[in-house]
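next come a sequence and a model predicted from it.
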Amino acid sequence: MRSRPKSSSPLCRFSAAVFAFCATCAHASLPTSIFAPHSTPASEENKLSYFVLAISALIFLGVSSLLVYALLRYRARPNDDTEPPQVFGSLQIELSWTIIPILIIVVLFLGTARVLFSVQDAPKPPSALDVVVIGHQFWWEFRYPQYNVVAANELHLPVSTRSAPRPAYMKLTSADVVHSFWVPQLGGKTDLLPNRVNEMWTDPQQTGMYVGQCAQFCGPQHAKMLLRVYVDTPEDFQKWISGQQRMQAELGQARASLVSQPDAGSSNPAVPPHAPATHAAPAAQSGDASDAIDARNGQLVFEQQACINCHTINGTIANGRYGPDLTHLMSRATLAAGAAENTPGNLQAWIADPSAFKPGCLMPAMHLSDRQNAQITAYLLTLK
């Protein structure tokens, strides 16, 4: 991988000083700040933005200074009714306002081209991780062809260091309309287009969780098409891959457990403020032991409904491709592309009425009974 070149030019030092305060404030308050890069492409783009902002600031100061000078120098004075001297044509001025803008444009063009080529033409090392990103209305699908793993909405990447580089090379496409993949701290946004594959790469250099979202209007729930990128250590990333490769048990095998976990109640901060109280209710329970909410019965209900036409659960008959893969649903921190925390109460409320969380989402309410919703929830809670 190409290392980020060090710059010691006065202009770069000036631009860094001018915008240091902005960078500090953005880093401290906004998780989507472009002033806190954590990958090589993001750092290159960040440095280019400083450079362009510095030149723009110099142009603004120069033009403003000339304007103020002209206003003061040639202002109307008391009792001065004489007409100012008329000047028709000036070769020096015409050359100045032609040559100087051309030089500025050439400098900006060369600086931008250097960053574009250094990012787009970076050589792909043998250790690179391949990821296929597919945009849907309104969620993200992530495929890892090297490991035969499929995830949704939460992208896991290994940290990349100089001693052990592990950049992620992503191929991006859309299953329906135009979307845009944007995680500001890891790189610029890249559009996802139907019937076209775009490419980008990133090499996260610090572990942690980075947030992003779709940056192209794609429908009524564009604002809630969120995504998370978890940057793990190599060991943690391998553990996550191993967990995602596990198949789920089929109906009737040893995976029946009663679900009797209370939810967080109305204090759950992930519940939409306009949502009904049922969003915070725990999975429904029956007082009769014979009617206990059983995960095996939940799988049976799940497989008898239209759920299997849209969702996949590896190891079962569910093999739908229209909705997110649910094989390891409970390994994710959020539901509905980041619209809510992944808790039992939120999960049951989402199954009962998805539009309460995301009005206009494409998952329909199945209009099942409370007991059926609770059974499906009990089953989905086992998908870890």
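It's in.

tell me how this protein divides into domains.
Domains of the chain are assigned by automatic domain parsing as 10-67+90-120, 129-244, 265-380.

hey, which helix is longest across the chain?
Under DSSP state H, the helix in the chain containing the largest number of residues is helix 40-73.

packing partners of that helix?
helix 10-18, helix 91-120, strand 187-192, strand 198-202 (3 or more Cβ pairs under 8 Å, 6 or more residues apart in numbering; DSSP states H and E). Yep, even glycine has a C-beta here, placed from its N, CA and C like the rest.

pull out the buried positions in it.
Neighbour counts over helix 40-73 (16 or more other Cβ atoms under 10 Å) mark 40-42, 44-51, 54-55 as buried.

can you give me the angle it makes with helix 91-120?
160 degrees (axes from the mean of the first three to the mean of the last three Cα atoms, to 10 degrees).

centre of the chain to helix 40-73, how far?
30 Å (Cα atoms, centre = their mean, to the nearest Å).

helices of the protein, start to end?
Going by DSSP H, the chain shows helices at 10-18, 20-29, 40-73, 91-120, 234-245, 295-304, 307-310, 344-352, 370-380.

nearest to Ala215, of those helices?
helix 40-73 (14.2 Å; Cβ to Cβ).

need the pLDDT of Val177.
The model reports Val177 with a pLDDT of 94.

all strands of the stretch 201-350 of the chain, in order?
Here the stretch 201-350 of the chain has its strands, by DSSP state E, counting those that start in this stretch, at 208-214, 226-232, 334-335, 340-341.

now these in a markdown table, with distance to Ala168, mean pLDDT and mean neighbour count?
Listed next are the strands of the stretch 201-350 of the chain as a markdown table, based on distance: least, Cβ to Cβ, whole Å; pLDDT from 0 to 100; neighbours: other Cβ atoms under 10 Å:
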| stretch | distance to Ala168 | mean pLDDT | mean neighbour count |
| --- | --- | --- | --- |
| strand 208-214 | 12 | 92 | 19 |
| strand 226-232 | 9 | 94 | 21 |
| strand 334-335 | 21 | 90 | 20 |
| strand 340-341 | 26 | 90 | 20 |
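
so for Pro84, which of these sits nearest?
Shortest distance between Pro84 and the strands of the stretch 201-350 of the chain, using Cβ to Cβ, is found for strand 208-214: 56.2 Å.

how far off centre is the closest one?
Mean C-alpha position of strand 208-214 versus that of the full chain (Cα atoms, centre = their mean) differs by 4 Å.

can you list contacts of it?
For strand 208-214, contacts defined as Cβ atoms under 8 Å, 6 or more residues apart in numbering pick out 31-32, 38, 135, 138, 179-186, 204, 222-223, 225-231, 338.

I'd say Ala164 and Pro234 touch.
Yes. Using Cβ atoms under 8 Å, Ala164 makes contact with Pro234 at a distance of 7.1 Å.

of the two, which one has the most company?
With neighbours defined as other Cβ atoms under 10 Å, Ala164 and Pro234 compare such that Pro234 has more, 13 against 10.

isn't the more buried one up against Pro158?
Yes. The pair formed by Pro234 and Pro158 meets the contact definition of Cβ under 8 Å, at 5.2 Å.

low pLDDT regions in the protein?
1-30, 249-292 (pLDDT under 70).

show me the contacts for Thr98.
So Thr98 contacts nothing (Cβ under 8 Å, 6+ apart).

for Lys47, see how far away the spatially most central residue of the chain is.
The C-alpha lying nearest the average C-alpha coordinate of the chain belongs to Gly212 (Cα atoms, centre = their mean; 2.4 Å). As judged by Cβ to Cβ, to the nearest Å, Gly212 and Lys47 stand 21 Å apart.

before we move on, what about His38?
From His38 to Lys47 the distance is 14 Å (Cβ to Cβ).

so which of the helices of the chain is nearest Tyr144?
Nearest to Tyr144 among those is helix 234-245; the distance by Cβ to Cβ comes to 7.3 Å.

for that closest one, C-alpha coordinates in CSV please.
C-alpha atoms of helix 234-245 as CSV (Å, rounded to 0.1, in the frame of the first residue of the first chain):
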residue,chain,number,x,y,z
PRO,A,234,-7.3,-9.6,13.4
GLU,A,235,-8.2,-12.0,16.2
ASP,A,236,-11.7,-10.6,16.8
PHE,A,237,-12.4,-10.4,13.1
GLN,A,238,-11.5,-14.0,12.7
LYS,A,239,-13.8,-14.9,15.6
TRP,A,240,-16.6,-12.9,14.0
ILE,A,241,-16.1,-14.7,10.7
SER,A,242,-16.1,-18.1,12.4
GLY,A,243,-19.3,-17.2,14.2
GLN,A,244,-21.0,-16.1,11.0
GLN,A,245,-20.0,-19.3,9.2
